[in-house]
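Visitor: Predicted structure and sequence below. I'll ask about it afterward.
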Protein chains: 2
Amino acid sequence: MTTRYEAYADDIRQQIAAGLLRTGDRLPSVRQACAARGISPATVFGAYYLLESEGLIESRPRSGYYVARPRRPARPEPRPAAPKAEQLEVDVSRLVQQVLSQARQPEIVPLGSAFPSPALFPLDKLAASTTRVLRRLQPQRTVEHLAPGSAELRRQIALRYLAGGSSVTADEIVVCNGAMEALNLCLEAVTEPGDLVAIESPAFYGALQALERRGLRAIEVTTHPRTGVDVAALARVLDAHPVKACWFMPNFQNPLGCLMPDEHKQALVALLAARGIPLIEDDVYAELYFGRQRPRPAKAWDGDGLVMHCSSFSKCLAPGWRVGWVAGGRFAQAITRRKLSLSLGTSLPAEEGLADYLAGGGYERHLRRLRETLCQAQTRALRLVCRHFPRGTRITRPTGGYFLWVEMPAAVDALALHRLALEQGIGIAPGQLFSADGRHTHCLRLNYGHPAETPDESIRRLGELACRLHQGAAPASRPRA
Amino acid sequence: MTTRYEAYADDIRQQIAAGLLRTGDRLPSVRQACAARGISPATVFGAYYLLESEGLIESRPRSGYYVARPRRPARPEPRPAAPKAEQLEVDVSRLVQQVLSQARQPEIVPLGSAFPSPALFPLDKLAASTTRVLRRLQPQRTVEHLAPGSAELRRQIALRYLAGGSSVTADEIVVCNGAMEALNLCLEAVTEPGDLVAIESPAFYGALQALERRGLRAIEVTTHPRTGVDVAALARVLDAHPVKACWFMPNFQNPLGCLMPDEHKQALVALLAARGIPLIEDDVYAELYFGRQRPRPAKAWDGDGLVMHCSSFSKCLAPGWRVGWVAGGRFAQAITRRKLSLSLGTSLPAEEGLADYLAGGGYERHLRRLRETLCQAQTRALRLVCRHFPRGTRITRPTGGYFLWVEMPAAVDALALHRLALEQGIGIAPGQLFSADGRHTHCLRLNYGHPAETPDESIRRLGELACRLHQGAAPASRPRA
């Protein structure tokens, strides 16, 4: 299935390839394109953002979009992984935590980080909000503050669902200690140890860790690097295996950055509803879209309450505050009970501080700036990876988030690259972290969300190391300067 | 085993009973008693606090202790429950959460609450500390802030262990989202679903909920209302059953308020060490002692790293902040890994705010005032329960914390009393919440930690309702005024 904006982008790509549109030509204005093709402004913007992220066109402030100067031939996107549809035991958390803790030291260039740069967050305004609410806090609130959490914060979150076109009420929202706790509680609500859970391939390592924690088995589903979970492949897995739940990231998946088209999300929800299988939807990157509007969650098509939609403020506003939530559908009560047994509630200063900040109205302005910064940073990172990584490297071009997935030639071992890079003060997230059976050995996740702290130099050096590994001539290990 | 201060208290009790000491007589000063008996000031104070809590003696400011006017004959203490040493499935969380949520409404007199009055906490100073740390927060801290938690907070906590005579270093401390998360993580670190865990009788309902969450079975151990877990009874349980871990509260147990003498703690740790069984020590009330010094945790005698000592700031400083911790001994690494998988970290503003408050030095002053308030509130509550509850009622006289355990005549059903009391705007915690098999049906936990919000009138009315239930003449249900 192709969305309208992808179809429009394809047309322009062909016109450029055919020479109808040439370097420096101005593309139709949004108004012209809408009138000419009978499409919406959102579709036009979606197509233009996509082409811009591919480097085919460029925007000029207050002027419009133009065909860009041809660069070195763009690298192709990775091919979808073809997981073996085996039921896998999960035992990754030691490796994950070892690798991530090495790459997390403050002096290490954070290309392996899971967060965008903290310099991009309005920490001063959050501090002011927290100060304000603590000054006027009713003492009684401190002992009443239990799951499902602050009424005002849940109202603010529900308002954002409303604005995004999803009918989620405050009643089904449970505030949690970050999205990770929410996701773990969802798993507990719908599985027993030993059950089988379908995940993406590659999968977010946090999902693997959560499965391991509960003693669950994983089955990986073919995932397209641009359009996400292959719904037909999922149907075949469900036919053959006793899957108890799915854990997917339809919007800007970690690590691929892929975005499921709305029609795919709808098909996914319908497929699962027909079989009564719950969907745990991890949606922590959706606010970081580069297109015209926030992509809708799969939850938007959920008529049966089977979708548990999890998100947080950790990736777009307040890392460290540890405030996330789940809109739990028919499982909201069960999740609340489990949250009470596990940790009673979430931290009051953080919840109330965020509620005050959201009510203040500056959030959208902050998000607009953040998206713009990340979109520009992606363009730069893509250019550098294209230029410096070994021949045969493939790269994703996500339309949101802050990760690139880089598929190097098969001979390059990402864990070896991780070790070499670390010696040069550069952190990466090697592909081995993203599956239950240690595949993706020649891939890496690259964080471009630290534009000020990741000099072009670091990606160039990383590419050189990858080239040397590719040529079988890894440099002798030497201490970092 | 009897501790020295109990032995000294016994002597004085006998002298009063024998008429050697009479109403209004002055007791030996601390110096005189030390010199006469060769005991320490701590022992003398311990004995005097105990006798004062029993109403046998009273202190007069700047003068000393005097034999008090005889009151109505004091109620005896409850007898130890005799659990059946059966392995029990646990399924209490619905009942617990239903009963507690009813009793938690702000207009209900909080005799069933799990917290002391929030008016007793220095919330303004905590707010000032949190404001201060957020103003100078390094942005980088927000994305580095993961388990095991803030280095400065862990240092402050380790300093308190040091001051209390326990050798716990910051390295084994994992900051958690309240003690509940810490306790749950400990369970996960040392058990698999289906395993058997030894608990007290009656047991803290939070322990029952945590066992239920992990699919564990419980076995209850005889627990003395004054001296806690019966170590000999525990040894017999361990001989007969495959116990994987123990979850006990040696200091001011919830709900009994009992305090294990040091010798018993030492015997407990030795017994478990000999069999390699881990102890999960829930120690959230220890700071609320009425004697001369903080009772030591069982962890103080732990030479093998088998004791996981869990505590928090929720009951003595900052409810709602949701900051607790575990000193995890040999399991600290495993607990940190599980914390990372479960919720990554604890809330940064709360952790750093508390670290700043603790470094400021006002904590001890606050605790002294809090202990004094609670000790006085207990005396008042004891007098009222003695006066108004049915003949045959037995009551604990804890030397710390803020709970009384009231054992009414067997005919009084505590759940019925809970429903009647709720209609009159009074909350209680009925005994049924405190065991896996619904025993303690005629008992209740009574919170005396809200001196300003629980007028004498409410205990009087509660006693009247219990009397009517006892006489089989429950009043017709009528709406609250």
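Guide: Received, thanks. Numbering: from 1, shown residues only, chains lettered A, B, ... in the order given.
Visitor: residues in contact with stretch A:25-40?
Guide: Identification of contacts with stretch A:25-40 by Cβ atoms under 8 Å, 6 or more residues apart in numbering or on different chains yields A:4, A:8, A:12, A:21, A:41, A:44-45, A:48, A:57, A:63-67. C-beta coordinates here come from the backbone N, C-alpha and C atoms, glycine included.
Visitor: Give the next helix or strand downstream of the one helix or strand A:Q97 maps to.
Guide: In the assignment (DSSP states H and E), A:Q97 maps to helix A:93-103. Sequence order places helix A:123-135 as the next helix or strand after helix A:93-103, per DSSP H and E.
Visitor: hmm, that following helix touching chain B?
Guide: Yes - Helix A:123-135 comes into contact with chain B (Cβ under 8 Å from any Cβ of the partner chain), by way of A:L123, A:L126, A:A127, A:T130, A:T131, A:L134, A:R135.
Visitor: If you count neighbours, what's buried in whichever helix or strand comes after that helix?
Guide: Sequence-wise, the next helix or strand downstream of helix A:123-135 (DSSP H and E) is helix A:139-144. By neighbour count on 16 or more other Cβ atoms under 10 Å in any protein chain shown, the buried set for helix A:139-144 is A:R141, A:T142, A:V143, A:E144.
Visitor: Tell me the gap between helix A:139-144 and the middle of its chain.
Guide: 36 Å (Cα atoms, centre = their mean, to the nearest Å).
Visitor: tell me the mean pLDDT for it?
Guide: For helix A:139-144, mean pLDDT is 91.
Visitor: what's it in contact with?
Guide: Residues contacting helix A:139-144 (Cβ under 8 Å, 6+ apart): A:348, B:104, B:106, B:113, B:115, B:118-119, B:121, B:123, B:318-321.
Visitor: what's the answer for stretch A:450-461, then?
Guide: Taking Cβ under 8 Å, 6+ apart as the rule, stretch A:450-461 contacts A:109-111, A:113, A:116-117, A:119, A:373, A:376-377, A:380-381, A:384-385, A:387-388, A:421, A:424, A:426, A:446-448.
Visitor: Could you pull out the buried residues of that stretch?
Guide: A:H450, A:P451, A:E453, A:T454, A:S458, A:I459, A:R461.
Visitor: hang on, A:E172 packs against A:A332?
Guide: Yes - using Cβ atoms under 8 Å, A:E172 is in contact with A:A332, at 4.2 Å.
Visitor: of these two, who's got more company?
Guide: A:E172 (24 against 20; other Cβ atoms under 10 Å in any protein chain shown).
Visitor: State the number of residues packed around the nearest residue to A:L317 once chain neighbours are set aside.
Guide: Excluding its sequence neighbours, the residue lying closest to A:L317 (Cβ to Cβ, 6 or more residues apart in numbering or on different chains) is A:F121, at 6.2 Å. By other Cβ under 10 Å, the residues close to A:F121 number 24.
Visitor: Quick check: the gap between A:G19 and B:P118.
Guide: 74 Å (Cβ to Cβ, to the nearest Å).
Visitor: Buried subset of the residues of helix A:123-135 next to chain B as a PyMOL selection?
Guide: Remark: buried members of those, expressed as a PyMOL selection using 16+ other Cβ under 10 Å:
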select buried, chain A and resi 123+126+127+130+131+134
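Visitor: Let me know the closest of the residues of helix A:123-135 next to chain B to A:Q293.
Guide: Of all those, A:L126 has the smallest distance to A:Q293: 25.3 Å, by Cβ to Cβ.
Visitor: pLDDT score for A:G194?
Guide: 95.
Visitor: Likewise for the one 5 residues further on?
Guide: Per-residue confidence for A:I199 comes out at a pLDDT of 98.
Visitor: in what helix or strand does it lie?
Guide: Short version, using DSSP H and E: A:I199 is in strand A:196-201.
Visitor: I'd like to know the phi and psi angles of the closest residue to A:Y289 other than its chain neighbours, please.
Guide: In space, and not counting its chain neighbours, A:Y289 is closest to A:G400: 4.1 Å by Cβ to Cβ, 6+ apart. The phi/psi pair for A:G400 (degrees, to the nearest 10) reads phi -180, psi 170.
Visitor: and what of the one 10 residues further on?
Guide: Taking degrees, to the nearest 10, you get phi -60, psi -30 for the backbone angles of A:A410.
Visitor: anything in whatever helix or strand A:A158 lives in near chain B?
Guide: Under the criterion of DSSP H and E, A:A158 resides in helix A:151-163. No - applying Cβ under 8 Å from any Cβ, one finds helix A:151-163 separated from chain B by no less than 13.0 Å.
Visitor: Can you identify the element that follows that helix toward the C-terminus?
Guide: strand A:173-176.
Visitor: And the next helix or strand past the top helix by length along chain A?
Guide: When chain A is parsed with DSSP state H, its longest helix is helix A:363-388. Downstream of helix A:363-388, the first helix or strand assigned by DSSP H and E is strand A:394-395.
Visitor: ok, that next one: who's next to it in the sheet?
Guide: strand A:403-407 (antiparallel) (DSSP bridges).
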